[in-house]
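Peer 1: Show me the folded form of this:
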Amino acid sequence: MSIGRMDLNLLKVFDAVYEDRNLVLAGRRLNLSQSAVSHALTRLRELVGDDLFLRTGKGLAPTARATDMAPALRDSLRRIEATLGVEPFSPEQSARRFVLAANDHVTAVIVAPLSRELRRTAPRVDLVIRPSTRLDLAEQIDLGRIDLAIGIFSQVPPRLNARTLLTQGEVILMPRGHPAARRKLMLADLARYPLVTISVGGQEEGAVDGFILERGLARQSEMFDRHALEAALADVGKVPRLRVTVPHSLAIPALLRESDMLSIVPASLATALTRSGELLLRQPPYPAGTAITRAVWHRRNDHDPAHVWLRDTIVEVAKAAGESAGA
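Peer 2: Residues are numbered from 1 along each chain as shown. This next block holds a predicted model:
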């Protein structure tokens, strides 16, 4: 196929259909009718010699060929737009949809205020949140199915880029009626009382030292500093009892209710969970480490105006969340 036969506008149609998986939504994005999008897609199919998208009960699903084409074509289109300075991004007018990967803690602490900010500054922009705990997270970023992943990563491969959002320590949560609620928390309490901890994967999922490595991206699996806890208790001849380990941090209030358990959680999450007054927050009686929450994206989106705006907005939202948590 000669590039001379190619109408480059067809690439924009491919990009929109791949993003929205729907002809009507793609047409709205491009200011085209559904029939015009369908006609353009037919022309592209003839040029490529592949169906590209198949109808399903949930919309249009890309074929294997479309999935293979998408990252390079979308990257090229973004580069052309950035080079020419065309189609500047306007948050007030944009109807873009961004796909983020985040766990429930990040959703509560960062995505919720982000949504409120978008309602004010970009009312037509939509967010889709995918679980950052999925084992194919790096692959989804590579394929362009996830625009931005937010989490704690110990290793980021060169093809991806990262930006710091929060640097925070961890704290201890307890119910108001806990036996240790009326005094200073002591190290012995962490051996005496059982613990609720957050973990989204263990050694059976390939976790090493609290992180799962996949395609060069190492994401946190345990949401507490296990080494610091165990080392502190070992000094006094004790070991912690991890009675309940959960993958969902927002289940912690229900687990602590009417129990003698304690929970070790990130400071920003603790701030969110103690707003109801049901739980108390205490500083750990040992030198726990700090963790850096970062936003990670593919480098092909480095200069995309919409992505730059989104990242800047998330940084500001995360900064406010960190300040409220004292992080």
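Peer 1: nearest spatial neighbour of residue 115, skipping sequence neighbours?
Peer 2: Closest residue to residue 115 apart from its sequence neighbours, by Cβ to Cβ, 6 or more residues apart in numbering: residue 127 at 6.4 Å. Backbone N, C-alpha and C define where each C-beta goes, glycine included.
Peer 1: who does the one you found bridge with?
Peer 2: residue 98 (DSSP bridges).
Peer 1: Could you report the neighbour count for it?
Peer 2: Residues near residue 127, counting by other Cβ atoms under 10 Å, number 17.
Peer 1: That one: what's it in contact with?
Peer 2: If you count contacts by Cβ atoms under 8 Å, 6 or more residues apart in numbering, residue 127 has them with 97, 98, 99, 100, 111, 114, 115, 118.
Peer 1: Quick check: the third one touching residue 145?
Peer 2: Yes - taking Cβ atoms under 8 Å as the contact criterion, residue 99 and residue 145 are neighbours in contact, 6.5 Å apart.
Peer 1: And for stretch 263-280, what's in contact with it?
Peer 2: Contacts of stretch 263-280 (Cβ under 8 Å, 6+ apart): 105, 108-109, 166, 168-176, 178, 181, 195-198, 223-225, 229, 249-250, 252-253, 255-257, 281, 284, 288, 291, 321-322, 324-327.
Peer 1: Could you point out which residue ranges in the stretch 1-150 of the chain have low pLDDT?
Peer 2: Low-confidence segments of the stretch 1-150 of the chain (pLDDT under 70): 1-6, 81-82, 84-88, 135.
Peer 1: domain parsing for this protein?
Peer 2: Following automatic domain parsing, one gets these domains for the chain: 3-84, 97-165+292-325, 168-290.
Peer 1: Would you mind giving the ones you listed as TSV with distance to residue 90 added?
Peer 2: Formatted as TSV, these follow (distance: least, Cβ to Cβ, whole Å):
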stretch	distance to residue 90
domain 3-84	14
domain 97-165+292-325	9
domain 168-290	31
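Peer 1: A helix includes residue 228, no?
Peer 2: Yes - Residue 228 sits within a helix when classified using DSSP: H, G, I helix; E, B strand; the rest coil.
Peer 1: Give me the spatial nearest neighbour of it, chain neighbours excluded.
Peer 2: residue 288 (4.8 Å).
Peer 1: which element is that neighbour on?
Peer 2: When secondary structure is defined by DSSP states H and E, residue 288 falls outside every helix and strand.
Peer 1: From the chain's centroid, how far away is stretch 122-140?
Peer 2: 6 Å (Cα atoms, centre = their mean, to the nearest Å).
Peer 1: go on, stretch 67-81?
Peer 2: 22 Å.
Peer 1: and if you look at stretch 106-123?
Peer 2: For stretch 106-123, the distance to the chain centre is 13 Å (Cα atoms, centre = their mean).
Peer 1: Show me what counts as buried in the strand or helix carrying residue 65.
Peer 2: Here residue 65 is covered by helix 64-84, with elements defined by DSSP H and E. Judged by neighbour count (16 or more other Cβ atoms under 10 Å), helix 64-84 contains these buried residues: 66, 69, 70, 73, 74, 75, 77, 78, 81.
Peer 1: Helices of the protein, residue ranges please.
Peer 2: 9-20, 23-30, 34-48, 64-84, 104-106, 112-121, 137-142, 189-192, 226-234, 252-256, 267-273, 305-325 (DSSP state H).
Peer 1: want to throw the ones you listed into TSV with distance to residue 209?
Peer 2: Shown next, in TSV, are those (distance: least, Cβ to Cβ, whole Å):
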stretch	distance to residue 209
helix 9-20	37
helix 23-30	43
helix 34-48	45
helix 64-84	31
helix 104-106	20
helix 112-121	30
helix 137-142	18
helix 189-192	21
helix 226-234	8
helix 252-256	23
helix 267-273	21
helix 305-325	25
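Peer 1: To residue 241, which of those lies closest?
Peer 2: Of all those, helix 189-192 sits nearest to residue 241, with 7.6 Å by Cβ to Cβ.
Peer 1: Kindly provide the distance from residue 285 to residue 96.
Peer 2: Remark: distance between residue 285 and residue 96 (Cβ to Cβ, to the nearest Å) = 47 Å.
Peer 1: Now do the same contact list for the residue lying closest to residue 170 once chain neighbours are set aside.
Peer 2: Spatial nearest neighbour of residue 170, excluding adjacent residues (Cβ to Cβ, 6+ apart): residue 288 at 5.1 Å. Contacts for residue 288 (Cβ under 8 Å, 6+ apart) come out as 169, 170, 224, 225, 228, 229, 264.
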